[in-house]
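A.B. asks: any chance you could fold what I've pasted below:
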Amino acid sequence: MLFDPLYLLLTLPALAFSLWAQWKVKSTFSKFQRVGVSSRMSGAEAAAAVLRMSGVPGLKIERHQGFLSDHYDPTSRTLRLSPDVYDGASVSAVAVAAHEAGHALQHAANYGPLTLRSKLVPVVQYGSALWYLPFLLGSIFNMTGLMWVGIVAFSAIVLFQLVTLPTEFDASSRARSVLLASGIVTSKTEEDGVAKVLNAAAMTYVAALVASLMQLLYMILRAQNSRN
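C.D. replies: As a prediction, this is how the structure comes out:
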């Protein structure tokens, strides 16, 4: 599969887009990590303020190891922030922290796409583990039905990534609104920096979806060609 010209034609541009998106988010985060916020709030303090102002107090906010490993855990209602975000008093830190707090706000409001994404997690875990083998065996032995088993399993991953997009964009929108209303971000420079950090992060999700769609398209074309 890796040496199939059709596979390379479809996936190499998507791979290039993904690499660019990863570079963009890291470079943008690093750039605005050097720009402090006039409120002098750390990421952890900004996240707590966003939750408090939005009427969702009492969530745990923990330091979590890893670069940009920030996430919200709905099962334990915990915000886990990487050291650069948890301790940093920068535009990047408050942007990322507020974004993760935005997911907690979604959870509290029973935001539909977040609920659906959570329900899809076990399906995606099985799909991620099982799609490759039936598709590969189906390709080798020209068994179209087996290939479609792999396609259906992989489709669960694509659906998960599709649902993730509105979830991430909405969390960023909530974050920006509260950051501005609360006075955590005060100047136009800080506001623009927050927007750039969040937009760069969103591109990684767009790139992941594009890559998966190209992979799915390749799989469908291969399955259709195997009938001929």
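A.B. asks: going forward, measure contacts and count neighbours with C-alpha atoms only.
C.D. replies: Noted.
A.B. asks: now the residue nearest to the spatial centre of the chain. Nearest residue, chain neighbours left out?
C.D. replies: Centroid-nearest residue in the chain: Y205, 4.8 Å away (criterion: CA atoms, centre = their mean). Spatial nearest neighbour of Y205, chain neighbours left out: L165 (6.6 Å); criterion: CA to CA, 6 or more residues apart in numbering.
A.B. asks: returning to what we had before: pretty sure the residue nearest to the centre of the chain sits against F160.
C.D. replies: No - using CA atoms under 8 Å, Y205 and F160 do not qualify as a contacting pair, with a distance of 10.9 Å.
A.B. asks: ok, back up a step: report the separation between the residue nearest to the centre of the chain and D87.
C.D. replies: Using CA to CA, to the nearest Å, we find Y205 at a distance of 25 Å from D87.
A.B. asks: repeat that for L133.
C.D. replies: L133 sits 44 Å away from D87, taking CA to CA as the criterion.
A.B. asks: which one of those two has more residues nearby?
C.D. replies: With other CA atoms under 10 Å as the criterion, L133 and D87 differ in neighbour count, and D87 comes out ahead with 17 against 14.
A.B. asks: doesn't R40 make contact with the more buried one?
C.D. replies: No - in this structure, D87 is not within contact of R40 by CA under 8 Å, at 10.9 Å.
A.B. asks: how about the residue nearest to Y205, secondary structure?
C.D. replies: State at L165, reduced to three classes by DSSP: H, G, I helix; E, B strand; the rest coil: helix.
A.B. asks: which residues does it contact?
C.D. replies: If you count contacts by CA atoms under 8 Å, 6 or more residues apart in numbering, L165 has them with 202, 205-206.
A.B. asks: and if you look at N142?
C.D. replies: Counted by CA under 8 Å, 6+ apart, N142 has contacts S226.
A.B. asks: what do you get if the cut-off is 10 Å, keeping everything else the same?
C.D. replies: Contacts for N142 (CA atoms under 10 Å, 6 or more residues apart in numbering) come out as 135-136, 223, 225-227.
A.B. asks: and it, which of the three is it?
C.D. replies: Remark: N142 carries the secondary structure label coil [criterion: three-state DSSP].
A.B. asks: pLDDT at it, what is it?
C.D. replies: In this model, N142 is scored at 89, pLDDT.
A.B. asks: cool, the one 5 residues further on as well?
C.D. replies: In the predicted model, M147 carries a pLDDT score of 96.
A.B. asks: so where's the chain shaky on pLDDT?
C.D. replies: For the chain, residues meeting the criterion pLDDT under 70 lie at 1-2, 227-228.
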